[in-house]
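Asker: Attaching a predicted model along with its sequence, questions to come.
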Amino acid sequence: MSRVNFIFVLHFHQPVGQLEWVYERIYNNCYKILLDILLDHPKIKIAAHISGPLLLYMLEKHSEWIDGVKELVKRGSLELLGGAFGEAILPVIPREDMYMQIRLYIELFREIFGYKPRGFWLAERVWEPSVVEPLAINDIEYTIIDDYILPKIVNRDEAGYSWLTENDGHRLKILFVDERIRYILPWESIESVIKYIVSRGSDKGDRYVLWGSDAEKFGEWSQREWASKWLREFIEKLEENSSIINTITPSEYLDRYGVKGLIYPVYGSYDKMMYWSSSYFRNFFVKYRESNYMHKRLLWLRRKLKKLNAPEDAWRYYYFAQCNDAYWHGLFGGIYLPHLRQTVYENMIKAEVIAENNSNYFASRDMYSSIEDIDFNGDSEVVIETKHLDVVVKPSDGGTVTELSFKHQGYEHNIASTMNRYLEPYLSTSPTFRPDWYQRNIARDHLWNPTISLWDWVNNTPFIDQSNLALGKYQLVSIDNNNLVLMYRGYFYGKGIPIPVEVAKHMYVDSRAPYLKIIHRIKNIGNEPFTSRIGFDYHLSPKVPRRRGEEYPIYRLEPDIIKHLEEVWIGSGRRIEFKGIIDLELSLDRDVDIWVAPIVMPTRTERGIMDIIQSIGIMFSRVVVLDPEKSFELGVELMLKV
């Protein structure tokens, strides 16, 4: 009689920095229900992976859930898999970090459950041969990847067996997720799922069907009552069909049937991830400059932590900053979620500050400056470090500030962690969406058409910027202690003939306080006057609350005009203040027109398209007739209020 083994693997994960109320919603709608159902059916064998960030949260907030998991393990009905401590994509981080991500998770796991896992869950199931060695060295026996990346010389039906692979002589066993069942369970009828499982059986009974996917499919991404009913009835059906369907854990399968032979899977992940990433996860670093900058900024931080001989607690924050969710986007992935991006920087800053304090980094001098290509794009950035701020300036990108990180305890935040709006596939047919044509950084220069409106600026109306300043490659003229001077020679094109203009940008960083001053000066060096709305845009990312009770940001303008971040404001003045978890003040040295607007991105999520604020845009501008040899100047001060 034909029999088949069914391996059911649940992946429990929430990202570092997840909103507290989202945690609780998912716990009540999904995790708690799943545990209750599994406790009611002790004969059903399953496997699960609980990510490091979620494991730590559950220990703190829901230790009773951990106790229930322990009970399932004690009964022998649950096998737990290991993972990366910060749920990092292992192949894209340094090899030494791979070792530590695995090792730290194993230490945490052993502390909680009292033993060491045999298997390993790769974050987003991203596979490269480089993961074999660090897994093997940490005594991991097997991992789970997708049959989508089977080598072409192997028939896809062979995914119903376990295999062995190697790299540099290190061995690792592999089990494959069955793509078909991942699409029908739990989305089709129970009868269809059971029929498919049975169809994969054999007279020997040595084949398996492996479902491995997100636990959130049961109650978070579907209706709670429906998911609970479906899963209970499915498990009951498995029990009824136990003579032909053997529920089994991955380790039990390997112990009973061993491996079929040697195999070398190709680089990749599951099918949708391959589509979203254009077949290679690292392509997210090419598509999204923000993702690339975070990734490369971590590499920069790593060198600093090594140099300063950083203590263990600094490294733990560093590993949390490698959590994968904020680095990519598809149906899932959180690069468009500001609270996840801000958490990456928050952890980076905490790690850096611990290392600086531990080594007395600023004992002999109060400021460090360097010129280096942080983001690996071929152009150098200017990096300024003080006890209060990290400032990164990109001369090659309009002379803008791409990072402004506050380092005060309790205020760790990169106020410049904004996000561009990219032309995602699901927006390609939108008649109104226009992707951003420049990075929405701090202190970008524009010569706008005088008729421009706020919505032209926000929605990227074509041809409203009548110059080449915004994307100009500025020259670093001088850097002397606290002062930085950039210059650029560009053109105004609004009169039909190019009129040359000279731009100077002077930046001053205070080494004693979280303070930055930027002076913009635009000079007409041509022979003709021109009229333009001269503008300087400052895009900021105020810190949004992640825990209940934290104050949601607002902004206030003179005279005592208070607005929520979702609101637009058009007026004039010389001051704008953001109030919330972090208070930030921008002061001007003259009255100008001030426009404030949320920069909103329609983002695809598991709950449909949602409009998510990516930054708060602030435009300081004035319509000016600029005669030959005349200049327009504006000074802008940014200060963290602590």
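Answerer: It's in.
Asker: Every contact and neighbour count from this point should use C-alpha atoms.
Answerer: Will do.
Asker: now do the same end-to-end measure for stretch 270-286.
Answerer: 20 Å (C-alpha to C-alpha, to the nearest Å).
Asker: pLDDT of that stretch, averaged?
Answerer: Averaging pLDDT along stretch 270-286 gives 96.
Asker: buried sites along it?
Answerer: Neighbour-count burial for stretch 270-286 flags 270, 273-274, 276-277, 279-282, 284-285 (criterion: 16 or more other C-alpha atoms under 10 Å).
Asker: What of stretch 80-95?
Answerer: 80-93.
Asker: Now intersect the residues you listed with the helices, please.
Answerer: Judged by DSSP state H, helices contain none of the buried residues of stretch 80-95.
Asker: Just want the most central residue of the chain.
Answerer: A326 (0.7 Å; C-alpha atoms, centre = their mean).
Asker: Would you agree that residue is in contact with F332?
Answerer: No: if you go by C-alpha atoms under 8 Å, A326 and F332 don't touch, sitting 10.1 Å apart.
Asker: what about P559, how many neighbours?
Answerer: By other C-alpha atoms under 10 Å, 8 other residues sit near P559.
Asker: Adjust the sequence numbering to begin at 46 for everything that follows.
Answerer: From this message on, residue numbering opens at 46, which makes the last subject P604.
Asker: That one belongs to a strand?
Answerer: No: with DSSP: H, G, I helix; E, B strand; the rest coil as the criterion, P604 is coil rather than part of a strand.
Asker: Next up, the contacts around it.
Answerer: Contact analysis of P604 by C-alpha atoms under 8 Å, 6 or more residues apart in numbering lists nothing.
Asker: average model confidence for stretch 183-190?
Answerer: 98.
Asker: With N403 as the reference, measure out to D420.
Answerer: Separation of D420 from N403 (C-alpha to C-alpha): 27 Å.
Asker: More neighbours: these two, which one.
Answerer: D420 (20 against 14).
Asker: Quick check: the more buried one touching Y333?
Answerer: No: when contacts are counted by C-alpha under 8 Å, D420 is not listed as touching Y333 (11.8 Å).
Asker: Pull the distance from the longest strand belonging to the chain to the chain's centre.
Answerer: Using DSSP state E, we find that the single longest strand of the chain is strand 628-650. Distance, stretch centre to chain centre, for strand 628-650: 23 Å (C-alpha atoms, centre = their mean, to the nearest Å).
Asker: Could I get the buried residue list for it?
Answerer: Neighbour counts over strand 628-650 (16+ other C-alpha under 10 Å) mark 628-633, 637-649 as buried.
Asker: Likewise for stretch 104-120?
Answerer: Those would be 110-111, 113-115, 117-118, for stretch 104-120 by 16+ other C-alpha under 10 Å.
Asker: Check stretch 350-368 too.
Answerer: The neighbour-count check on stretch 350-368 (16+ other C-alpha under 10 Å) flags 350, 353, 355, 359-368 as buried.
Asker: Please convert the residues you listed to TSV, extending it with distance to G246.
Answerer: Formatted as TSV, these follow (distance: C-alpha to C-alpha, whole Å):
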residue	distance to G246
L350	53
L353	57
A355	54
A359	50
W360	47
R361	45
Y362	46
Y363	46
Y364	42
F365	42
A366	43
Q367	40
C368	38
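Asker: now, which of those residues lie within helices?
Answerer: Using DSSP H, the subset of these located in helices is 350, 359-365.
Asker: Tell me which two of the residues you listed sit farthest apart.
Answerer: Largest separation among those by C-alpha to C-alpha: L350 and F365, giving 14.6 Å.
Asker: Give me the domain ranges for this structure.
Answerer: In the assignment given by automatic domain parsing, the structural domains of the chain cover 49-321, 328-686.
Asker: Run through the helices of the stretch 246-395 of the chain in chain order.
Answerer: 269-285, 295-302, 316-321, 328-332, 334-352, 357-365, 383-404 (DSSP state H, counting those that start in this stretch).
Asker: Ends of stretch 470-478, what's the gap?
Answerer: Counting by C-alpha to C-alpha, you get 12 Å between the two ends of stretch 470-478.
Asker: on that earlier part again, kindly compare burial across the helices of the stretch 246-395 of the chain and name the winner.
Answerer: Sort those by mean neighbour count, taking mean count of other C-alpha atoms under 10 Å, and helix 383-404 sits at the top with a mean of 23.
Asker: What mean pLDDT does that helix get?
Answerer: Per-residue pLDDT over helix 383-404 has a mean of 98.
Asker: Follow the chain on from that helix and name the next helix or strand.
Answerer: Using DSSP states H and E, the helix or strand that follows helix 383-404 in sequence is strand 412-417.
Asker: C-terminal to whatever helix or strand L180 lives in, which secondary structure element comes first?
Answerer: Under the criterion of DSSP H and E, L180 resides in helix 177-182. Note on helix 177-182: by DSSP H and E, the next helix or strand toward the C-terminus is strand 187-191.
Asker: Off-centre distance for that next one?
Answerer: 24 Å.
Asker: which residues make contact with that strand from outside it?
Answerer: Outside strand 187-191, the residues that touch it by C-alpha under 8 Å, 6+ apart are 163-167, 170-172, 217-224, 314-315.
Asker: just checking, what packs against the host helix or strand of L80?
Answerer: For L80, the host element (DSSP H and E) is helix 77-84. Applying 3 or more C-alpha pairs under 8 Å, 6 or more residues apart in numbering; DSSP states H and E, we find helix 77-84 packed against helix 108-120, helix 269-285.
Asker: and the last one, what's its mean pLDDT?
Answerer: Which is helix 269-285. The pLDDT scores in helix 269-285 average 97.
Asker: which residues are in contact with it?
Answerer: The contact list for helix 269-285 (C-alpha under 8 Å, 6+ apart) reads 74-75, 78-79, 82, 86, 88-89, 231, 235, 239, 262-264, 290, 292.
Asker: Equivalent analysis for stretch 170-180, please.
Answerer: 134-136, 140, 143-144, 147, 186, 189-191, 211-213, 215-217, 311-315, 326.
Asker: buried subset of those residues?
Answerer: 134-136, 143-144, 147, 186, 189-191, 211, 216-217, 312-315, 326.
Asker: Strands - which of those residues land there?
Answerer: 189-191, 211, 216-217.
Asker: and of those residues, the nearest to W500?
Answerer: Proximity of these to W500 (C-alpha to C-alpha) peaks at D191, which lies at 45.4 Å.
Asker: Max pairwise distance over the buried residues of stretch 350-368: which two?
Answerer: L353 and C368 (23.3 Å).
Asker: what's next to the helix or strand S666 falls within, contact-wise?
Answerer: S666 is part of strand 653-671 when elements are defined by DSSP H and E. Residues outside strand 653-671 that contact it (C-alpha under 8 Å, 6+ apart) are 381-383, 463-465, 495, 503, 568-569, 574-587, 610-611, 637-649, 677.
Asker: how near is I607 to V681?
Answerer: 21 Å.
Asker: now L123
Answerer: 59 Å.
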